[in-house]
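J.: Sequence and predicted model, in that order:
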Amino acid sequence: MRMKNIEHAINVTRNKIKGIEMEEEPLGRWLEMTVDSGAANHVISKRVFPEYETRPSEGSLRGQRFVAAGGQRLENEGEQHLKVRLKDGTQCRIALQNVDVKRPLASVSMIADQGNEITFRQDGGTIKVKKTGKEHHFERKDGVYTMQVWVEIPNQGESSAVGEIREDQWLSGFQGFQRQGN
């Protein structure tokens, strides 16, 4: 049952990105993240993107556990740094804590802590980058706020480690989103 939920959260086929202009189309998959006001951190199951290296995080090294909505305690198993593109084509990196969750979660509090404005509406919402004024939109489906990101799959033999993550854009509010290029 849990694996079915994970497959529901992502497009499990390895297809090319559509609707975003790029020099070349990277291999990847769409990831649907729940925009969650109750999440303390950005989290994902390490089974969703096994192509990416899981490495120890500060939390996993100190035995950190998260409390799920149902009250169960979930172990921090490390973190993955994913290379993603937002729907508007912005290329970023995101660090997610690996936890045995059903759906990937984007933490609203972490986004807000970076000084960004988050607005929720009946049909979706907006994250406004206060430094630049740029807005990134997310949807509301069946009462749940969700955000689609395209996760690039590393080429075979290419390292999935992305190095240090700067905190210079709103995207760093995703504990590691960092704008690339333009």
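T.: Ah, there it is.
J.: can you pull out the strands in this structure?
T.: When assigned using DSSP state E, the strands of the chain occupy the ranges 15-16, 27-36, 43-44, 65-67, 73-75, 79-86, 91-98, 105-107, 117-120, 124-128, 135-141, 144-152.
J.: Return the most buried member of the ones you listed.
T.: Using mean count of other CB atoms under 10 Å, the stretch among the strands of the chain with the largest mean neighbour count is strand 43-44, at a mean of 26. C-betas here are computed from N, CA, C, even on glycine.
J.: what's the average pLDDT for that one?
T.: On average, the pLDDT along strand 43-44 is 96.
J.: so how far is that strand off the chain centroid?
T.: Relative to its chain's centre, strand 43-44 lies at 7 Å (CA atoms, centre = their mean, to the nearest Å).
J.: And for stretch 91-106?
T.: On CA atoms, centre = their mean, the centre of stretch 91-106 falls 5 Å from that of its chain.
J.: Stretch 31-44 now?
T.: Stretch 31-44 has its average C-alpha position 7 Å from the chain's average C-alpha position, going by CA atoms, centre = their mean.
J.: Stretch 143-153 too?
T.: 7 Å.
J.: Ok, stretch 128-142 next?
T.: Between the mean C-alpha point of stretch 128-142 and the mean C-alpha point of its chain there is a distance of 14 Å (CA atoms, centre = their mean).
J.: and what of stretch 105-121?
T.: Averaged C-alpha coordinates place stretch 105-121 at 13 Å from its chain's average position (CA atoms, centre = their mean).
J.: shift numbering so it begins at 204
T.: Sounds good: first residue 204 from here, last item stretch 308-324.
J.: Low-confidence regions, the protein specifically.
T.: In the predicted model, the chain carries pLDDT under 70 at residues 204-229, 359-385.
J.: do that again at 80, thanks
T.: For the chain, residues meeting the criterion pLDDT under 80 lie at 204-229, 317, 358-385.
J.: quick one on the thing from earlier: redo the strands of the chain as CSV? Include distance to Pro253.
T.: Written out in CSV, the entries for those read as follows (distance: least, CB to CB, whole Å):
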stretch, distance to Pro253
strand 218-219, 18
strand 230-239, 12
strand 246-247, 11
strand 268-270, 21
strand 276-278, 18
strand 282-289, 10
strand 294-301, 11
strand 308-310, 19
strand 320-323, 31
strand 327-331, 28
strand 338-344, 26
strand 347-355, 12
